[in-house]
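Asks: Can you look at this prediction? I've put the sequence above it.
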Amino acid sequence: MRRLIAAAAALLFTTVTAGGAAADTAGSAQIKYKINPTVRAQVIPNYLSGFGPIGGLGSGQTPAVGASAVLGGGTVDFGNVVVGYQYLYKYAAQVSVQTNDAAGFVVYGEGATDLNGSNPVPAPATFPLAQTLFWLISNASNSPFSPAHTFNRTGGVPIAGGSGGIDYSGSGGQPPPMAVIWSNPTSGNVSQGYDYQLRLSGTIPASQFNVYIVYTVIGN
Amino acid sequence: MRRINFAALLALGTVAGLAVFSQADALQTTKAFKEVVLTIVITPSPAPVGFLPRRPAPPAPNAAVRPLMARLVEDPYAGPARIASSGAAWDVAPGGTLIAQAPSVQPSPVPVQFVAKPDPNSAFLRIVPHTGELDVPYGTTTFPCAFEIFTFYTTAHQLTDWGYGTKTQNPPPPTYPIQNWPAASYLSWAVPDNSPTFKTYNNAGPPGETTWTGRAGQSQQHCIDLSIVVPNSQAAGVYTAAIQYNLLVN
């Protein structure tokens, strides 16, 4: 924008100067300007009909989606799960990005905290998020045993416990490279869906656990 | 007639006897089973030692440029080149380095929750993980006590295992590192308390292989050592190995 103003001022100055010398002189000016890149993004939980947990092989219980999950919103709610077993949550979240940045963008995903236990509050009150909650790109053939990447607890500062996102200003200004979940090299309006995996080790206490997964989109 | 009746009685007795012994074998049932899921990350190995042509020394930086840059930073309007500025922010950064401000956005976070319920089978069979992620270079890597397994039952029992990678699964999972039978698994195991010898994981499905056996009322917990081979043909990336452990009881 500053360049545009400078060029316009230069054009005005040139016109005024020329007008003083010869009133009938006409000319042309080349104006160069730059459109700043913009990035917009949305994340939709439970983005497709059929969302919810499967798995728990060997636990003797069939998983069912929790009450906090609704189509196109709400919580990624695994419902009741059994310690020591593995689950897949289908169509957990869809990330949509709109950008005019010709170099594309990068999407990062991190946990705002570790898993916070409540009802009853375990001791300790948190359980490591890493190696417990995983992500993988949605695919009909995904299973609780499909290769997946773990979510990690952020090194940034969670805002309002994570519900307000993560403040990275004190940790390099952006998430770490290991948190990259999607790298797109072009501009456009694109979306990608993700399934979540829950691998409950035998050491996790019986409790209700919550965490916020924060997505950050940065233009290249 | 009596001879025929005797023969029939003998045959019946034989069948009954066989049925009893067969039933004894069939009494061995699966009390519980659990899946061990391992995340294996193959990291590219360091570049191999090789011949590198000698490069000429880089040219020395032009020392005459530095005072010019310092002067421009001090007074951007002083020439010979003019640099636009707006207050403290540079429109054109001095020194030829352009710093682009990348736009970023953080959509609403995704809340995730679950209610972890106790495992009713944990009194008989449970897994104690020690290594969350197995980071492996190319070649062979050993992980001592990657996880532990606990077993107990009131009667004689047996722990068996097999790795997933069998073609009978639908849809078939990625094969590395367990592979599909008859190809051998790249993942091996050992119970050092019992034997230091590594065995490749059975990948032919049930009935699998015996991990260990237990007497009536015996509880035991042992480390499982793992050994992973990453062949040069295997692409770097993230892989999953799933192994099923079964507690069979009489």
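Replies: Nice, thanks for sending it over.
Asks: And for residue 190, the neighbour number?
Replies: Let's take chain A. For residue A:190, the count of nearby residues is 15 (other C-beta atoms under 10 Å in any protein chain shown). (Glycine included, C-beta is placed from N, CA and C.)
Asks: try again with chain B
Replies: 18.
Asks: ditto for residue A:189
Replies: Number of residues near residue A:189 (other C-beta under 10 Å) recorded here: 10.
Asks: Now it: closest residue in space, sequence neighbours ignored.
Replies: Closest residue to residue A:189 apart from its sequence neighbours, by C-beta to C-beta, 6 or more residues apart in numbering or on different chains: residue A:98 at 4.7 Å.
Asks: by contact count, what packs against the strand or helix carrying that neighbour?
Replies: Using DSSP states H and E, the secondary-structure element containing residue A:98 is strand A:86-99. Contact partners of strand A:86-99 among helices and strands, from 3 or more C-beta pairs under 8 Å, 6 or more residues apart in numbering or on different chains; DSSP states H and E: strand A:39-45, strand A:52-55, strand A:76-82, strand A:105-111, strand A:180-184, strand A:188-199, strand A:207-219, strand B:110-117.
Asks: Can you tell me which of those is nearest to residue A:24?
Replies: Nearest to residue A:24 among the helices and strands packed on strand A:86-99 is strand A:207-219; the distance by C-beta to C-beta comes to 47.8 Å.
Asks: any idea of the mean pLDDT in that closest one?
Replies: The pLDDT scores in strand A:207-219 average 97.
Asks: Please see if it touches chain B.
Replies: Yes - using C-beta under 8 Å from any C-beta of the partner chain, we find that strand A:207-219 touches chain B at A:207-219.
Asks: Throw the helices and strands packed on strand A:86-99 into TSV and include distance to residue B:216, thanks.
Replies: TSV is the format used below for the helices and strands packed on strand A:86-99 (distance: least, C-beta to C-beta, whole Å):
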stretch	distance to residue B:216
strand A:39-45	50
strand A:52-55	33
strand A:76-82	27
strand A:105-111	45
strand A:180-184	50
strand A:188-199	33
strand A:207-219	35
strand B:110-117	29
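Asks: So for residue A:125, which of those strands sits nearest?
Replies: In terms of C-beta to C-beta, the element of the helices and strands packed on strand A:86-99 nearest to residue A:125 is strand A:207-219, at 8.9 Å.
Asks: Could you list the paired strands of the closest one along with their orientation?
Replies: If you go by DSSP bridges, strand A:207-219 pairs up with strand A:105-111 (antiparallel), strand A:115-118 (antiparallel), strand B:104-105 (antiparallel), strand B:110-117 (antiparallel).
Asks: Least confident of those strands, on average?
Replies: Among those, strand B:104-105 scores lowest, at a mean of 90.
Asks: what residue ranges in chain B score low on pLDDT?
Replies: Within chain B, the stretches with pLDDT under 70 are B:1-27, B:45-102, B:165-174.
Asks: all strands for it, in order.
Replies: Assigned by DSSP state E, the strands in chain B fall at B:29-42, B:85-86, B:89-90, B:104-105, B:110-117, B:125-129, B:133-136, B:139-152, B:157-163, B:187-190, B:199-200, B:209-214, B:219-230, B:237-249.
Asks: So which of those is nearest residue A:28?
Replies: Residue A:28 sits nearest to strand B:85-86 of all the strands of chain B, at 27.1 Å, using C-beta to C-beta.
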